[in-house]
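Q: Need coordinates for the below:
(2 chains)
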There are 2 protein chains.
Amino acid sequence: MGLLPRSAAGVLQRSVGFVTFPSIEIALPSWIGDVCEPGQTFATVEERVDLTLALARSNFEHETGGPFGSAVFDNDGRLIAPGVNMVVPNNFAGAHAEIVAMGIAGQILGNFTFAEHWTEIVASTEPCAMCLGAIPWSGVKRLVCSARDEDASAIGFEEGDKPADWGDKLKTRGIEVLRDVKRDDGARVLVDYVTAGGVIYNGDTA
Amino acid sequence: MGLLPRSAAGVLQRSVGFVTFPSIEIALPSWIGDVCEPGQTFATVEERVDLTLALARSNFEHETGGPFGSAVFDNDGRLIAPGVNMVVPNNFAGAHAEIVAMGIAGQILGNFTFAEHWTEIVASTEPCAMCLGAIPWSGVKRLVCSARDEDASAIGFEEGDKPADWGDKLKTRGIEVLRDVKRDDGARVLVDYVTAGGVIYNGDTA
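A: Now for the predicted structure:
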């Protein structure tokens, strides 16, 4: 309000109540309902990992994003929200599978943090630096991962500058970490993506 | 596709094409147009920081979120997209100011990465671990910060587990880092938030 210089054009736009900046919408692809549904139970950790691998694979097979899937579950293994990587189609570097799953779970639970419940996030590949940073903000109590960072790096995806002891750091925060669950299957999804002609995109991909 | 068990209720829902998971929408508050507009020029780095501080302050004064602002600019100091923290109102832990600014800039530029342009992101407070991880994914060439992590911690906000040498790590990636620009003013916004009765929210806030 008077602090900042304004162009005449801008004043004109505001004077007619014009919405000048676009919003961001993150909507799951329409095929999601063929793979899972709200409240569906995945009783074992292997079943929950299988779901994220099915999400990752379906996502690139349907050409709706990259080969990464994630999901948030309650303490009975009931699905709260799935997520898939939608970075390229959504023009949004933040639309990684884990961020999407946490965001949709937040819409369902009506809170940005799930700390009042016991919840688990499962990721088809270990979280990149951004998603790792987001995990404590979501209030989840456990992280389960399938493929390792090295499996993502092996096909050219960057994981970012994570603390070397990131698992321990999460544990210090009271977040349990379970790695390498069906890792071979997780790594195979990544390799199959490349074999299918999937594009490797990173932040410096101009 | 047959891989996963399904409940009868779920099959029924899908059979009528019911959309089962909500989407996430991130829309800037309506007051944004009073503070800045697309393409507006902020010629000096101090002016660009001032904009993010005005965004941070306006955000809590309007009760539309936390005391953090950010913006993405081109190499002439023209505003591409602003962002404010909308974690609590949006029920989305990912809705930090930097993520919002990068996401909206992506909608405008039509790409998840801005690497084909020279762009700068400015943050009213140094990025938390999540936003720090996101910065390389967005393709920005420079990060400018006002308040320090310690200024956020001083009022109770967590910044997460960032590498101790995070500035150097960004530089290694070719991203310039400029810290402490009008830091006193940046820190004052945070203190004023608390003085005004602003709530401190973290991931473990049940």
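
Q: A:Pro38 against B:Pro22, yeah?
A: No - if you go by Cβ atoms under 8 Å, A:Pro38 and B:Pro22 don't touch, sitting 9.5 Å apart. C-beta: built from backbone N, CA, C; applies to glycine.

Q: Same drill for the two, tell me which one is more crowded.
A: A:Pro38 (19 against 16; other Cβ atoms under 10 Å in any protein chain shown).

Q: which SS class is the residue nearest to A:Leu178 when sequence neighbours are not counted?
A: In space, A:Leu178 comes closest to A:Val144 once its chain neighbours are excluded; the distance is 4.6 Å by Cβ to Cβ, 6 or more residues apart in numbering or on different chains. Per DSSP: H, G, I helix; E, B strand; the rest coil, the secondary structure class of A:Val144 is strand.

Q: which stretches of chain A have low pLDDT?
A: Scanning chain A for pLDDT under 70 picks out the ranges A:1-19, A:206.

Q: Could you pull out the strands in it for me?
A: Secondary structure of chain A by DSSP state E: the strands cover A:24-26, A:69-74, A:79-84, A:119-125, A:142-147, A:176-178.

Q: what do A:Pro38 and B:Pro22 both touch?
A: A:Ile108 (Cβ atoms under 8 Å, 6 or more residues apart in numbering or on different chains).

Q: Chain B versus the closest residue in space to A:Pro67 that isn't next to it in sequence, what's the distance?
A: Excluding its sequence neighbours, the residue lying closest to A:Pro67 (Cβ to Cβ, 6+ apart) is A:Tyr193, at 3.8 Å. Note on A:Tyr193: its distance to chain B, by Cβ to the nearest Cβ, to the nearest Å, is 17 Å.

Q: Also A:Leu178?
A: Relative to chain B, A:Leu178 is positioned 19 Å away (Cβ to the nearest Cβ).

Q: got the contact list for that residue?
A: A:45, A:142-145.

Q: follow-up on the earlier one: now for the residue nearest to A:Leu178, how many residues are close by?
A: Look at A:Val144: counted by other Cβ under 10 Å, it has 23 neighbours.

Q: tell me which residues in the helix of greatest length in chain A are buried?
A: Counting residues, the longest helix in chain A under DSSP state H turns out to be helix A:45-61. For helix A:45-61, a neighbour-count test (16 or more other Cβ atoms under 10 Å in any protein chain shown) marks A:45, A:47-60 as buried.

Q: try stretch A:144-156
A: Neighbour-count burial for stretch A:144-156, counted by 16+ other Cβ under 10 Å, picks out A:144-149, A:151-152, A:155.

Q: now do stretch A:67-81
A: Residues A:67-74, A:79-81 are the ones in stretch A:67-81 that count as buried (16+ other Cβ under 10 Å).

Q: Over to stretch A:86-93?
A: For stretch A:86-93, by 16+ other Cβ under 10 Å, it's A:86-88, A:90-93.

Q: tell me, which of these make contact with chain B?
A: Restricting those to those touching chain B (Cβ under 8 Å from any Cβ of the partner chain) yields A:87-88, A:90-93.

Q: got the buried residues of stretch A:144-156 as JSON lines, with distance to B:Lys171 columns?
A: Putting those into JSON lines (distance: Cβ to Cβ, whole Å) gives the following:
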{"residue": "A:Val144", "distance to B:Lys171": "34"}
{"residue": "A:Cys145", "distance to B:Lys171": "29"}
{"residue": "A:Ser146", "distance to B:Lys171": "33"}
{"residue": "A:Ala147", "distance to B:Lys171": "29"}
{"residue": "A:Arg148", "distance to B:Lys171": "27"}
{"residue": "A:Asp149", "distance to B:Lys171": "22"}
{"residue": "A:Asp151", "distance to B:Lys171": "28"}
{"residue": "A:Ala152", "distance to B:Lys171": "24"}
{"residue": "A:Ile155", "distance to B:Lys171": "27"}
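
Q: For those, name the two members farthest from one another.
A: Farthest-apart pair in those is A:Val144 and A:Ile155; separation 21.4 Å (Cβ to Cβ).

Q: in chain A, which spans are helices?
A: A:8-15, A:32-35, A:45-61, A:87-90, A:97-109, A:129-138, A:149-154, A:166-172, A:183-195.

Q: Go ahead and name everything in contact with the fourth one.
A: In this structure, residues lying in contact with helix A:87-90 by Cβ under 8 Å, 6+ apart are A:24, A:26, A:64-66, A:93, A:95-96, A:199, A:201, B:106, B:112, B:137.

Q: Would you tell me whether stretch A:133-141 gets close to chain B?
A: Yes - using Cβ under 8 Å from any Cβ, stretch A:133-141 reaches chain B at A:133-134, A:136-139.

Q: Can you turn the buried subset of those into a selection I can paste into ChimeraX?
A: Command for ChimeraX that selects the buried part of those, burial taken from 16+ other Cβ under 10 Å:
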select /A:133,134,136,137,138,139
